[in-house]
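1. What follows is a predicted structure for the sequence shown.
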Amino acid sequence: MDNRQALGSWLSGPRAAAEQAGVDFGYRGQQLGLPEEGPGSIARPGRRLGALAVDWALCLLIAYGLITDGYNQATGNWALVLLLVVSVLTVGTIGSTPGKRLFGLRVVSANGGRLSLPRVAIRSVLVCLAIPALIWDRDGRGLHDRLSGAVQVRI
């Protein structure tokens with residue numbers, strides 16, 4: 001008789017197979033000592049993506065209206081430079097960009113304090129490179145957050 005548990009494990013993904021084997025992953029942020037829900041918990045991917053979209057749209061609008069003369073090839077490059085500057089200045093001073101503030105998020109150090117300016121700069125450069133932000137760990141932190149020692153939490 002055929003037992004389909006092996007087939008189901010690879011279709012469900014490695015996490016489902018590990019959970020069936022008895023591995024407890026816990027919730028996002030548990031390893032960092034953060035609450036599971038509410039203020040101070042790890043920000044969900046949807047909110048993070050929404051905040052980034054708002055920040056990008058704002059920077060693109062500024063580049064389109066103030067820097068370049070209409071939309072051309074340089075508009076996207078200027079928007080990326082503006083995103084870097086806005087991210088360093090706002091996260092470095094108040095802990096969140098306009099998009100993060102709109103979505104109720106804040107960037108803090110993994111140990112709970114504020115991020116130093118060099119760590120904010122490293123994080124911002126890695127966000128602008130895009131690829132590090134697409135690699136996540138078990139806690140839902142991107143590679144850019146791990147390398148800078150940061151975590152995005154709900155306000």
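-> Nice, I can see it.
2. So what would you say the end-to-end distance of stretch 101-108 is?
-> End-to-end span of stretch 101-108 (Cα to Cα, to the nearest Å): 13 Å.
3. buried residues in that stretch?
-> 101, 103, 105, 106, 107, 108 (16 or more other Cβ atoms under 10 Å). C-betas here are computed from N, CA, C, even on glycine.
4. And for stretch 19-29?
-> Neighbour count says stretch 19-29 has 28, 29 buried, by 16+ other Cβ under 10 Å.
5. Tell me the span between the first and last residue of it.
-> For stretch 19-29, the first-to-last residue distance is 18 Å (Cα to Cα).
6. From the chain's centre, how far out is the helix or strand hosting residue 108? Work that out for me.
-> Residue 108 belongs to strand 105-109 when assigned by DSSP states H and E. Centroid separation for strand 105-109 versus its chain: 10 Å, with Cα atoms, centre = their mean, to the nearest Å.
7. hey, where'd the strands end up in the chain?
-> Assigned by DSSP state E, the chain shows strands spanning 105-109, 150-154.
8. I'd like to know which of those strands is closest to residue 40.
-> With Cβ to Cβ, the closest approach to residue 40 among the strands of the chain belongs to strand 150-154: 5.4 Å.
9. CA-only coordinates of the closest one in PDB, if you can.
-> Output of strand 150-154 as PDB, limited to C-alpha atoms (Å, rounded to 0.1, in the frame of the first residue of the first chain):
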ATOM      1  CA  ALA A 150      17.700  46.200  12.500                       C
ATOM      2  CA  VAL A 151      14.100  45.000  12.800                       C
ATOM      3  CA  GLN A 152      10.900  46.600  11.600                       C
ATOM      4  CA  VAL A 153       8.200  46.600  14.200                       C
ATOM      5  CA  ARG A 154       4.600  47.800  14.400                       C
END
